[in-house]
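Engineer: Model the following, please.
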Amino acid sequence: MNLDQETDTTQARDCLISAGQGRPLAVDMKDCELAPPCLEDFQDSSSDVSLFIAYVEISSILGHLTQHCRRKTLTRQVRQNIENQLYRWTRELPRSLRLFRSDSRPGDSASHKGLAQY
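Structural biologist: Presented below is the predicted three-dimensional model:
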């Protein structure tokens, strides 16, 4: 694990602890110049790498949501930005990590959606 991956892991852990404990983030990502992780940051492109990247991204979204809720700064615009981040995250999630098959249609009830095989 290199320094960037350790930083990503620390950031993801900070976001999850913040959400779980209801405390502020210890690291403000505005103060960091580190880009989010991508496949090019890793020597191999296994599914573990894709899982790690998705984990860091969803943890970051949760951390930002928690931060805005704690500070009571969850405006309509901030909420829309977070919703857009979540939508983009679900669309960019690798097929191997998706819970539902991609042939499920929006508006289908959860009971009619096909679960992906694991």
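Engineer: Flag the shaky bits of this protein, pLDDT-wise.
Structural biologist: Scanning the chain for pLDDT under 70 picks out the ranges 1-4, 45, 47, 101-118.
Engineer: longest helix of it?
Structural biologist: helix 47-71 (DSSP state H).
Engineer: quick one: contacts of that helix?
Structural biologist: 5, 8-9, 11-16, 18-19, 22-25, 29, 36-39, 42, 74, 78, 82, 85-86, 89, 93-94, 96-97 (CB atoms under 8 Å, 6 or more residues apart in numbering). Bear in mind the C-beta positions are built from the backbone N, C-alpha and C, glycine included.
Engineer: Can you give me the buried ones in it?
Structural biologist: Neighbour-count burial for helix 47-71, with 16 or more other CB atoms under 10 Å as criterion, is recorded at 49-50, 52-68.
Engineer: center of this structure, which residue is that?
Structural biologist: Ile58 (1.2 Å; CA atoms, centre = their mean).
Engineer: Could I get the contacting residues of Arg13?
Structural biologist: Ser59.
Engineer: Is it inside a helix or a strand, and which specific one?
Structural biologist: Secondary structure from DSSP states H and E places Arg13 in helix 3-21.
Engineer: chain center to that helix: distance?
Structural biologist: 11 Å (CA atoms, centre = their mean, to the nearest Å).
Engineer: Could the C-alpha coordinates of it be exported in PDB?
Structural biologist: Extracted C-alpha coordinates of helix 3-21, given in PDB (Å, rounded to 0.1, in the frame of the first residue of the first chain):
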ATOM      1  CA  LEU A   3       1.000   6.700   0.700                       C
ATOM      2  CA  ASP A   4      -1.900   7.800  -1.400                       C
ATOM      3  CA  GLN A   5      -3.800   4.600  -0.700                       C
ATOM      4  CA  GLU A   6      -3.100   5.000   3.000                       C
ATOM      5  CA  THR A   7      -4.400   8.600   2.800                       C
ATOM      6  CA  ASP A   8      -7.600   7.300   1.000                       C
ATOM      7  CA  THR A   9      -8.100   4.700   3.600                       C
ATOM      8  CA  THR A  10      -7.700   7.200   6.400                       C
ATOM      9  CA  GLN A  11     -10.100   9.600   4.700                       C
ATOM     10  CA  ALA A  12     -12.700   6.800   4.300                       C
ATOM     11  CA  ARG A  13     -12.300   5.700   7.900                       C
ATOM     12  CA  ASP A  14     -12.700   9.300   9.100                       C
ATOM     13  CA  CYS A  15     -15.900   9.700   7.100                       C
ATOM     14  CA  LEU A  16     -17.400   6.500   8.500                       C
ATOM     15  CA  ILE A  17     -16.400   7.400  12.100                       C
ATOM     16  CA  SER A  18     -17.900  10.800  11.700                       C
ATOM     17  CA  ALA A  19     -21.200   9.400  10.500                       C
ATOM     18  CA  GLY A  20     -21.300   6.700  13.100                       C
ATOM     19  CA  GLN A  21     -20.300   8.900  16.000                       C
END
